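Colleague: what follows is a predicted protein model with its sequence.
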Amino acid sequence: MPNWSTEVPTDPRGYGLPLVRTPALRSLKAIITSHGLIGCDTHYWGGHTVPCAGAECEACEDGNAYRWHAYLSAYNPETQLHFVFECTAQAAKKFKEYWNEHKTLRGCLFEAYRWKHVKNGRVIIKCVPGPIISAALPNAPDLANVMAIVWRLKDTNVWVAGEKRGFPRVHADKAGNGQSSDPRDYVKSNP
(Lines give C-alpha, C1' and ligand atoms only; values in the text may rest on other atoms or scores of the structure.)
Protein backbone atom coordinates (compact mmCIF):
# COMPACT_ATOMS: atom_id res chain seq x y z
CA MET A 1 0.00 0.00 0.00
CA PRO A 2 1.45 3.45 -0.90
CA ASN A 3 2.49 5.89 1.77
CA TRP A 4 0.86 9.12 0.46
CA SER A 5 2.08 12.56 1.50
CA THR A 6 1.02 16.13 0.85
CA GLU A 7 4.61 17.40 1.27
CA VAL A 8 7.27 17.31 -1.39
CA PRO A 9 10.36 15.61 0.08
CA THR A 10 13.76 17.20 -0.19
CA ASP A 11 16.38 15.02 -1.82
CA PRO A 12 19.31 14.78 0.62
CA ARG A 13 21.60 13.80 -2.25
CA GLY A 14 21.07 17.08 -4.14
CA TYR A 15 19.47 17.76 -7.47
CA GLY A 16 20.06 15.93 -10.70
CA LEU A 17 20.75 17.51 -14.06
CA PRO A 18 20.04 15.98 -17.46
CA LEU A 19 22.98 14.30 -19.17
CA VAL A 20 23.68 15.65 -22.68
CA ARG A 21 25.97 14.25 -25.33
CA THR A 22 26.97 15.80 -28.65
CA PRO A 23 24.14 15.33 -31.17
CA ALA A 24 24.89 13.80 -34.57
CA LEU A 25 23.26 16.25 -36.97
CA ARG A 26 23.88 19.63 -35.36
CA SER A 27 26.33 21.33 -33.04
CA LEU A 28 25.80 21.93 -29.35
CA LYS A 29 26.70 25.37 -27.96
CA ALA A 30 26.73 26.13 -24.24
CA ILE A 31 28.55 28.00 -21.49
CA ILE A 32 30.36 25.96 -18.84
CA THR A 33 29.15 26.52 -15.28
CA SER A 34 31.56 24.21 -13.45
CA HIS A 35 35.08 25.35 -12.58
CA GLY A 36 36.55 22.13 -13.93
CA LEU A 37 35.61 18.70 -15.11
CA ILE A 38 35.66 15.28 -13.55
CA GLY A 39 36.05 11.94 -15.25
CA CYS A 40 36.21 8.23 -14.73
CA ASP A 41 36.45 4.95 -16.59
CA THR A 42 33.06 3.84 -17.88
CA HIS A 43 31.54 0.84 -19.64
CA TYR A 44 28.73 0.68 -22.14
CA TRP A 45 26.99 -2.19 -20.41
CA GLY A 46 23.40 -3.21 -19.94
CA GLY A 47 22.27 -0.74 -22.59
CA HIS A 48 23.79 2.39 -21.06
CA THR A 49 26.99 4.01 -19.82
CA VAL A 50 27.94 3.06 -16.26
CA PRO A 51 31.01 3.86 -14.14
CA CYS A 52 33.64 1.16 -13.75
CA ALA A 53 33.39 -0.26 -10.25
CA GLY A 54 37.07 -1.21 -10.04
CA ALA A 55 37.96 -4.54 -8.43
CA GLU A 56 34.29 -5.53 -8.04
CA CYS A 57 33.18 -4.48 -11.54
CA GLU A 58 30.71 -6.88 -13.16
CA ALA A 59 31.29 -5.30 -16.58
CA CYS A 60 35.06 -5.93 -16.29
CA GLU A 61 34.45 -9.50 -15.12
CA ASP A 62 32.20 -9.95 -18.17
CA GLY A 63 35.09 -8.82 -20.43
CA ASN A 64 33.50 -5.49 -21.33
CA ALA A 65 35.99 -2.82 -22.42
CA TYR A 66 36.14 0.49 -20.60
CA ARG A 67 36.96 4.05 -21.65
CA TRP A 68 37.38 7.29 -19.79
CA HIS A 69 34.62 9.91 -19.98
CA ALA A 70 34.67 13.52 -18.81
CA TYR A 71 31.75 15.37 -17.23
CA LEU A 72 31.21 19.11 -16.77
CA SER A 73 28.17 21.27 -16.18
CA ALA A 74 26.97 23.73 -18.79
CA TYR A 75 24.15 26.15 -19.50
CA ASN A 76 22.38 26.92 -22.75
CA PRO A 77 21.05 30.53 -22.52
CA GLU A 78 18.67 29.99 -25.46
CA THR A 79 16.84 27.04 -23.91
CA GLN A 80 17.74 27.96 -20.30
CA LEU A 81 18.76 24.34 -19.74
CA HIS A 82 21.43 23.61 -17.13
CA PHE A 83 22.90 20.17 -17.87
CA VAL A 84 25.87 17.83 -17.54
CA PHE A 85 27.91 17.40 -20.72
CA GLU A 86 29.67 14.08 -21.36
CA CYS A 87 32.58 13.52 -23.73
CA THR A 88 35.54 11.19 -24.22
CA ALA A 89 39.12 11.88 -23.15
CA GLN A 90 40.09 12.85 -26.69
CA ALA A 91 37.38 15.51 -26.91
CA ALA A 92 38.10 16.70 -23.35
CA LYS A 93 41.65 17.73 -24.33
CA LYS A 94 40.27 21.07 -25.59
CA PHE A 95 38.74 21.71 -22.17
CA LYS A 96 42.07 20.89 -20.52
CA GLU A 97 43.87 23.35 -22.82
CA TYR A 98 41.33 26.04 -21.93
CA TRP A 99 41.70 25.25 -18.20
CA ASN A 100 45.49 25.45 -18.44
CA GLU A 101 45.22 28.93 -19.95
CA HIS A 102 42.39 30.37 -17.81
CA LYS A 103 42.63 28.25 -14.59
CA THR A 104 38.87 27.68 -14.75
CA LEU A 105 36.34 26.38 -17.22
CA ARG A 106 33.52 28.49 -15.79
CA GLY A 107 32.35 31.00 -18.37
CA CYS A 108 33.90 29.13 -21.31
CA LEU A 109 31.66 29.10 -24.38
CA PHE A 110 32.07 25.78 -26.15
CA GLU A 111 30.77 24.27 -29.33
CA ALA A 112 30.71 20.50 -29.78
CA TYR A 113 29.93 18.72 -33.03
CA ARG A 114 30.50 15.30 -34.56
CA TRP A 115 32.92 14.78 -37.41
CA LYS A 116 30.95 14.20 -40.64
CA HIS A 117 27.71 14.46 -38.61
CA VAL A 118 27.42 10.74 -37.92
CA LYS A 119 25.95 9.25 -34.74
CA ASN A 120 29.20 7.85 -33.34
CA GLY A 121 31.54 10.25 -35.11
CA ARG A 122 34.50 11.78 -33.33
CA VAL A 123 33.51 14.77 -31.16
CA ILE A 124 35.22 18.04 -32.01
CA ILE A 125 35.29 20.79 -29.35
CA LYS A 126 35.97 24.51 -29.81
CA CYS A 127 36.42 26.72 -26.73
CA VAL A 128 36.43 30.52 -26.37
CA PRO A 129 35.80 32.89 -23.45
CA GLY A 130 32.05 33.29 -23.09
CA PRO A 131 29.91 36.40 -23.43
CA ILE A 132 28.24 36.03 -20.01
CA ILE A 133 30.00 37.04 -16.81
CA SER A 134 30.48 34.20 -14.36
CA ALA A 135 28.19 35.73 -11.74
CA ALA A 136 25.22 35.60 -14.16
CA LEU A 137 25.53 31.85 -14.68
CA PRO A 138 23.77 29.18 -12.60
CA ASN A 139 25.78 27.93 -9.64
CA ALA A 140 28.20 25.12 -10.33
CA PRO A 141 26.81 21.81 -9.06
CA ASP A 142 28.76 19.12 -7.26
CA LEU A 143 29.48 17.09 -10.39
CA ALA A 144 30.30 13.86 -8.56
CA ASN A 145 27.02 14.17 -6.68
CA VAL A 146 25.06 14.82 -9.88
CA MET A 147 26.67 11.84 -11.64
CA ALA A 148 25.97 9.59 -8.66
CA ILE A 149 22.30 10.54 -9.01
CA VAL A 150 22.37 9.97 -12.79
CA TRP A 151 23.99 6.54 -12.29
CA ARG A 152 21.88 5.71 -9.21
CA LEU A 153 24.98 4.83 -7.20
CA LYS A 154 24.67 3.46 -3.71
CA ASP A 155 26.89 4.82 -0.95
CA THR A 156 28.82 1.53 -0.88
CA ASN A 157 30.19 2.40 -4.36
CA VAL A 158 31.42 5.86 -3.44
CA TRP A 159 35.15 6.65 -3.32
CA VAL A 160 37.23 9.76 -4.01
CA ALA A 161 41.02 9.87 -3.86
CA GLY A 162 41.15 6.38 -2.39
CA GLU A 163 38.95 7.01 0.63
CA LYS A 164 35.28 6.46 1.30
CA ARG A 165 33.35 9.70 1.58
CA GLY A 166 29.81 10.72 2.44
CA PHE A 167 27.16 9.87 -0.13
CA PRO A 168 27.57 10.31 -3.05
CA ARG A 169 30.90 10.49 -4.84
CA VAL A 170 32.15 8.63 -7.90
CA HIS A 171 34.51 5.65 -7.75
CA ALA A 172 36.79 6.57 -10.59
CA ASP A 173 39.59 4.19 -11.45
CA LYS A 174 40.31 0.57 -12.29
CA ALA A 175 42.97 0.15 -9.59
CA GLY A 176 40.48 0.96 -6.85
CA ASN A 177 42.42 4.08 -5.84
CA GLY A 178 39.65 6.52 -6.71
CA GLN A 179 40.21 9.83 -8.43
CA SER A 180 39.81 13.31 -7.08
CA SER A 181 36.95 15.46 -8.33
CA ASP A 182 39.21 18.51 -8.00
CA PRO A 183 40.04 19.72 -11.55
CA ARG A 184 43.49 20.86 -10.39
CA ASP A 185 44.33 17.24 -9.62
CA TYR A 186 43.16 16.20 -13.10
CA VAL A 187 45.38 18.81 -14.75
CA LYS A 188 48.39 17.84 -12.58
CA SER A 189 48.05 14.15 -13.41
CA ASN A 190 47.34 14.71 -17.13
CA PRO A 191 49.96 17.21 -18.36
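Modeller: Thanks, I have it.

Colleague: for the rest of this, base every contact and every neighbour count on C-alpha atoms.
Modeller: OK.

Colleague: can you show me the helices along this structure?
Modeller: Remark: helices of the chain, listed N- to C-terminal, are 58-61, 89-102, 143-151, 183-189; assignment by DSSP state H.

Colleague: for the shortest one, which positions count as buried?
Modeller: In other words, helix 58-61. The neighbour-count criterion (16 or more other CA atoms under 10 Å) identifies 59-60 as the buried residues of helix 58-61.

Colleague: mind listing the strands the lengthiest strand in the chain pairs with, and their directions?
Modeller: In the chain, ranked by residue count with DSSP state E as the criterion, the top strand is strand 67-76. Strands adjacent to strand 67-76 in the sheet, as given by DSSP bridges, are strand 28-32 (antiparallel), strand 38-45 (antiparallel), strand 81-88 (antiparallel).

Colleague: can you give me the angle that strand makes with helix 89-102?
Modeller: If you take axes from the mean of the first three to the mean of the last three CA atoms, to 10 degrees, strand 67-76 sits at 60 degrees to helix 89-102.

Colleague: read off the pLDDT value for Ser189.
Modeller: Confidence per residue is given as pLDDT, and for Ser189 that number is 37.

Colleague: relative to Ile149, which of the strands paired with strand 67-76 is closest?
Modeller: For Ile149, the closest of the strands paired with strand 67-76 is strand 81-88, at 11.8 Å, according to CA to CA.

Colleague: surely Asn64 meets Asp41?
Modeller: No. With contact taken as CA atoms under 8 Å, Asn64 and Asp41 are classed as non-touching, separated by 11.8 Å.

Colleague: so the two - more neighbours on which side?
Modeller: Legend: neighbour count by other CA atoms under 10 Å for Asn64 and Asp41, higher for Asp41 (21 against 13).

Colleague: quick check: the closest residue to the more buried one other than its chain neighbours vs Glu97, distance?
Modeller: In this structure, Asp41 finds its nearest non-sequential neighbour in Trp68, 4.1 Å apart by CA to CA, 6 or more residues apart in numbering. Counting by CA to CA, to the nearest Å, the gap from Trp68 to Glu97 is 18 Å.

Colleague: that's all I had, so thanks and see you.
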